[in-house]
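Student: any chance you could fold what I've pasted below:
(chains A, B and C)
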Amino acid sequence: MNPLFREVRHNPLLWLLVFVPAVFAGEAFRPEAHTLLFVLSVLAIVPLAALLSHATESVAAKTGDAAGGLLNATLGNLTELVIALAALRAGQYMLVKASIAGAIVANTLFMLGASFLLGGLKHHLQEFNRTGARFQAGLLFLATVAILIPSAAGESDSPGAAVFTQQLSAVLAVLLIVAYALGLVFSLKTHREFFGSAGHAEEGEAPWPLGLALVTLAGVTVLVALVSEVFVASVQQAAIAFGMSPAFVGFIVVALVGGAAEMASAFSGARKNRLDLSVGIAMGSASQIALFVAPVLVLLSYVLGPAPMDLQFWPGAVVMVLIATMTASLVTNSGRSAWFVGVLLLMVYLVFATTLYLLPPRVA
Amino acid sequence: MNPLFREVRHNPLLWLLVFVPAVFAGEAFRPEAHTLLFVLSVLAIVPLAALLSHATESVAAKTGDAAGGLLNATLGNLTELVIALAALRAGQYMLVKASIAGAIVANTLFMLGASFLLGGLKHHLQEFNRTGARFQAGLLFLATVAILIPSAAGESDSPGAAVFTQQLSAVLAVLLIVAYALGLVFSLKTHREFFGSAGHAEEGEAPWPLGLALVTLAGVTVLVALVSEVFVASVQQAAIAFGMSPAFVGFIVVALVGGAAEMASAFSGARKNRLDLSVGIAMGSASQIALFVAPVLVLLSYVLGPAPMDLQFWPGAVVMVLIATMTASLVTNSGRSAWFVGVLLLMVYLVFATTLYLLPPRVA
Amino acid sequence: MNPLFREVRHNPLLWLLVFVPAVFAGEAFRPEAHTLLFVLSVLAIVPLAALLSHATESVAAKTGDAAGGLLNATLGNLTELVIALAALRAGQYMLVKASIAGAIVANTLFMLGASFLLGGLKHHLQEFNRTGARFQAGLLFLATVAILIPSAAGESDSPGAAVFTQQLSAVLAVLLIVAYALGLVFSLKTHREFFGSAGHAEEGEAPWPLGLALVTLAGVTVLVALVSEVFVASVQQAAIAFGMSPAFVGFIVVALVGGAAEMASAFSGARKNRLDLSVGIAMGSASQIALFVAPVLVLLSYVLGPAPMDLQFWPGAVVMVLIATMTASLVTNSGRSAWFVGVLLLMVYLVFATTLYLLPPRVA
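Tutor: All right, here's what the predicted structure looks like:
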């Protein structure tokens, strides 16, 4: 277990692991202290997500290029998936959808923007592989169309509308997963020479031995699942206490908490002038959530949830995902970046966050 | 008449010509068998469209570059125009509009996407002239704005709304035709060196003698017009029999039937690694329908239709045309293509087709 | 005062200065002749705007690069600001908003399009610095998001909607000004080597002495303010007399009058094959109005207006600004231009103008 402890010692983020037992203690002794439990569970998820991320990468590094890429592509957003599953089982579909849309927006605007800004403050002009960014932007665009069309085509007051939306969502979920799978074939197999330098595995940290990585992967996933239960149960009450609208909590807070570990990697890559890494993590994570996590949740809702979940989002969320996709597509198109590009992306994110923060509760 | 028979022998598509007399026989003896008449007329239109297309190209090849380009640009979508005229005379404006929007979407997503996929499965990476694609995308964008603005600016319940929409549609129709004409001057005359390799005439098939081509052009146009009458009269009843929504029939079925001949040329070009040809046919045909066929139909509706037709589309159709234009513009921007680009375009088309197929009837 | 008189003699536009006293005479003796006062004030604003523009540039030329750029960036749209302030003080918020949106659209479509067309009719193919155009397009995109999100997220009939819109508008106004200031730091200081050739100061006209420039700046600003009062008071009545909708007057007429001087510079640059200058004026002016003039007006409305003004626009205006931004972004992306690009931009503008002209009055 040496490498695990060495990692904990060197990575200050992991000192937050002390909050994991604190969450369970709080849940046992103060189950009604929602605000406390919310804060504790946020603080506990961040280091767990970091461990999960490192464990996934270590397994991927051992299993070779194609299989490793596949692993990263399916387990890379395990934290987001586990949190969303907890919300799904609790029947909180509004929270599930807000966290999906919020994660796409946080990755394409906040993670990408902060990477460009942090990298640009240190380096005058940075370059990255635009083919990879274009590919991810194309996937994201498809997913955006898939959540835009149901709300544009349907009318909520027609008699068959609920059945229509549900059937359509199931078919679109399957289409998105097929597109994602074909995208993996394209980027990992038939045309992988175009996507060379954007892999997670080159991150420079030494991978763990396979046994340790697998045990960590399994154990930490269980811990994230347990902490997520507490998080989901406390989040709405805590939001009221903090004066935040439910839309703000799902869209901004949950998304930033779930993606904290990936953000740490993306920002560190940008500072080291390895912007390919940052763009790959940010855009890849967004497209993975849109084309894999979200449709899997729709399909799992038939088994796990109290009722099937559809892909119909609140119109404001659709507009935000659409704008985020377009912004990321425009901005990564040139393959070059300077600090102001980061400012632009962060400003768009701030416009969204401010709007959701000020939004009167009834609308959400 | 030798070249015509030789063509029929070598092109299996033309064997479908036996269905032309079958349509008229069916119409005479079983006028109430809508589903049968629908299927027969679809099977008859496909080979007629192929003949029409070859005859137009043969005339164009004989009349020199500029005049030939002009001919192609006005008669290239004669099949779509004749079908739409039949629907216009029958007062089925919903079908006319759905087939216009559907043809734009089918050309930019299905025809382009299948060309990229078929070409990409044979060739690792294909290149094409992006200046031509950008030019067509610009024209399409203008047409999209012209159908978006009336519905965004007007309010359907204000008193003068109907008059406003009608006046506006007539003016916009004239503007679009002027823009199309100026676009021809630009691409065929003042700046034709930028559009060199994207012409229909280089298709490799031997052109027919002028006399045969002109006779075929006239004769086949009459046949298409007669078959279209049967097609339009039977399509709605047949849709019910097949369990398809009217929106699906107009948007998907009519558009694919009308464009079958062009698709055959575009796909064959892509397989032969002449992607300029495929992109030119797909994008050129879409912009021609949007900036020439649609406005001409609006103006002709004052003479031929029971009442003037406007350019106001069902909001879902506007969104689909907008997305199709944006997708084609993004995808052709780089001038390079691989098989997955085709998958992305086809997936967007599948999202549309699924939505329209599942749509409850009342909404359309 | 020699240079001022020499300028007046050589620039026929400035002969229109005789209309300045005519406006005040008309206001004194025929205060009820709204149509006359409207025409006189339009004719008087055009030469005043030209003087203001030249005075600003002369001061900028004397004060060195960074300070001069800053001056141009804050006083470059002084005419628009003064006219809007007159409307603000009169409580005509509809007119203020229409003139803001109209100025953005007029700059990105009409000014840019006419520059491309006029330049393209003389030169076969023109090139310009696309980095500068992309930067301005990025700023414009941010501003578009900031006016799109409030109307997409809010619901006008919920109880807290008015408070929400007002709070949000104030925060977004501050964000836009911060983004604009950071953009100036980026383009004038940290990365100014990328924006080299797009400055106003290289216009070729000899700058005035500093004293004359400052006196002109102060005096003409006062005159513009006085004439604007007459203009704002007469515009609605005159619109009725001319049969124009109020939306058309605010969006088209006010915007073209306010920008007349800049248009003269942009067109002359395009004819001289200095398209960088034209693109810089058109795009820079649009982004300055969106990110500086508009937010300053929102903040000033707390002090000067009868009630705070928000950033919520009529949906049609939001769509038009969005399309104008997208069009300018697509069109300037390649860094090359020919006459037909100008035609496309002008056609989009014509679609907007026609729609607003025909719009029934109640909708606006």
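
Student: who touches A:Ser337 in this structure?
Tutor: Shown in contact with A:Ser337 (Cβ atoms under 8 Å, 6 or more residues apart in numbering or on different chains): A:Phe116, A:Gly119, A:Gly120, A:Leu125, A:Gln126, A:Glu127, A:Phe128, A:Leu275, A:Val331. For every residue, glycine as well, the C-beta is placed using N, CA and C.

Student: the closest residue to A:Gly119 other than its chain neighbours: which element?
Tutor: Among residues not flanking A:Gly119 along the chain, A:Ala270 sits closest, at 3.4 Å (Cβ to Cβ, 6 or more residues apart in numbering or on different chains). Mapping A:Ala270 onto the secondary structure by DSSP states H and E places it in helix A:260-271.

Student: does anything pack onto that helix? Which helices or strands?
Tutor: Of the remaining helices and strands, those touching helix A:260-271 by 3 or more Cβ pairs under 8 Å, 6 or more residues apart in numbering or on different chains; DSSP states H and E are helix A:34-62, helix A:112-122, helix A:275-288.

Student: on the three-state scheme, A:Trp208 is what?
Tutor: Following DSSP: H, G, I helix; E, B strand; the rest coil, we place A:Trp208 in the coil state.

Student: can you pull the contacts of it?
Tutor: Here A:Trp208 is in contact with A:Pro3, A:Leu4, A:Glu7, A:His54, A:Ala55, A:Ser58, A:Thr216 (Cβ under 8 Å, 6+ apart).

Student: let's see that with 7 Å instead.
Tutor: Shown in contact with A:Trp208 (Cβ atoms under 7 Å, 6 or more residues apart in numbering or on different chains): A:Pro3, A:Ala55, A:Ser58.

Student: which of those lies closest to chain B?
Tutor: Distance ranking of those against chain B, using Cβ to the nearest Cβ, places A:Ser58 first at 29.3 Å.

Student: number of nearby residues for that closest one?
Tutor: Using other Cβ atoms under 10 Å in any protein chain shown, A:Ser58 has 24 neighbouring residues.

Student: so where does the residue most central in space within chain A fall, helix or strand?
Tutor: Residue closest to the average C-alpha location in chain A (Cα atoms, centre = their mean): A:Ala103, at 4.4 Å. Following DSSP H and E, one finds A:Ala103 within helix A:93-105.

Student: re the thing from before, contacts only, for the residue nearest to the centre of chain A.
Tutor: A:Ala103 neighbours (Cβ under 7 Å, 6+ apart): A:Glu80, A:Ala255, A:Gly258, A:Gly259, A:Ile289.

Student: which of the contacts of A:Ser337 lies closest to chain B?
Tutor: Nearest to chain B among those, with distances taken as Cβ to the nearest Cβ, is A:Val331, at 13.6 Å.

Student: grab the nearest non-local neighbour of the closest one.
Tutor: A:Val331 sits nearest to A:Val341 (Cβ to Cβ, 6+ apart), 5.8 Å away.

Student: over to A:Ala241?
Tutor: Looking at A:Ala241 with Cβ to Cβ, 6+ apart, the closest residue is A:Thr35, at 4.6 Å.

Student: surely that neighbour meets A:Ala238?
Tutor: Yes: in this structure, A:Thr35 is within contact of A:Ala238 by Cβ atoms under 7 Å, at 4.7 Å.

Student: who's more crowded, these two?
Tutor: A:Ala238 (21 against 14).

Student: nearest to chain B: which residue in chain A?
Tutor: Closest point on chain A to chain B, by Cβ to the nearest Cβ, is A:Gly160, at 3.5 Å.

Student: for B:Val254, see how far away the nearest residue to that residue once chain neighbours are set aside is.
Tutor: Distance criterion Cβ to Cβ, 6+ apart; nearest residue to A:Gly160, sequence neighbours excluded, is B:Pro360 at 3.5 Å. Distance from B:Pro360 to B:Val254, counting by Cβ to Cβ, to the nearest Å: 20 Å.

Student: the two: which has the busier surroundings?
Tutor: Counted by other Cβ under 10 Å, B:Pro360 and B:Val254 do not tie: B:Val254 has more neighbours, with 29 against 15.

Student: nearest residue to the more buried one in space, please, no chain neighbours.
Tutor: B:Ser99 (4.4 Å).

Student: also A:Ala213?
Tutor: With Cβ to Cβ, 6+ apart as the measure, A:Ser58 is the residue that lies nearest to A:Ala213, at 3.8 Å, once sequence neighbours are left out.

Student: how far away is the one you found from chain C?
Tutor: 39 Å (Cβ to the nearest Cβ, to the nearest Å).

Student: could you do A:Arg274 as well?
Tutor: 21 Å.

Student: flag every residue of chain A that's near chain B.
Tutor: Within chain A, the positions near chain B by Cβ under 7 Å from any Cβ of the partner chain are A:138, A:142, A:145-146, A:149-150, A:152-153, A:155, A:158, A:160-161, A:164, A:167-168, A:171-172, A:175, A:179, A:182-183, A:186, A:191, A:329.

Student: in helices, which of the residues you listed fall?
Tutor: A:138, A:142, A:145-146, A:149-150, A:152-153, A:161, A:164, A:167-168, A:171-172, A:175, A:179, A:182-183, A:329 (DSSP state H).

Student: what number of residues lie near A:Arg30?
Tutor: If you count neighbours by other Cβ under 10 Å, A:Arg30 ends up with 12.

Student: residues contacting it?
Tutor: So A:Arg30 contacts A:Leu36 (Cβ under 7 Å, 6+ apart).

Student: equivalent analysis for the one 10 residues further on, please.
Tutor: Residues touching A:Leu40, when contacts are defined by Cβ under 7 Å, 6+ apart, comprise A:Phe19, A:Ala22, A:Val23, A:Gly26.

Student: was I right about the residue nearest to A:Ala213 contacting A:Pro207?
Tutor: Yes: the pair A:Ser58 and A:Pro207 qualifies as a contact (Cβ under 7 Å) at a distance of 4.0 Å.

Student: ends of stretch A:8-15, how far apart?
Tutor: 7 Å (Cα to Cα, to the nearest Å).

Student: so the lowest-mean-pLDDT helix or strand in chain A versus helix A:34-62, what angle?
Tutor: Comparing helices and strands within chain A by mean pLDDT, DSSP states H and E singles out helix A:65-75 as the least confident, with a mean of 71. In terms of direction (axes from the mean of the first three to the mean of the last three Cα atoms, to 10 degrees), helix A:65-75 departs from helix A:34-62 by 170 degrees.

Student: ok and the following helix or strand past helix A:65-75 relative to helix A:65-75, angle-wise?
Tutor: Sequence order places helix A:78-89 as the next helix or strand after helix A:65-75, per DSSP H and E. Helix A:78-89 and helix A:65-75 are oriented at 40 degrees to each other (the same axes, to 10 degrees).
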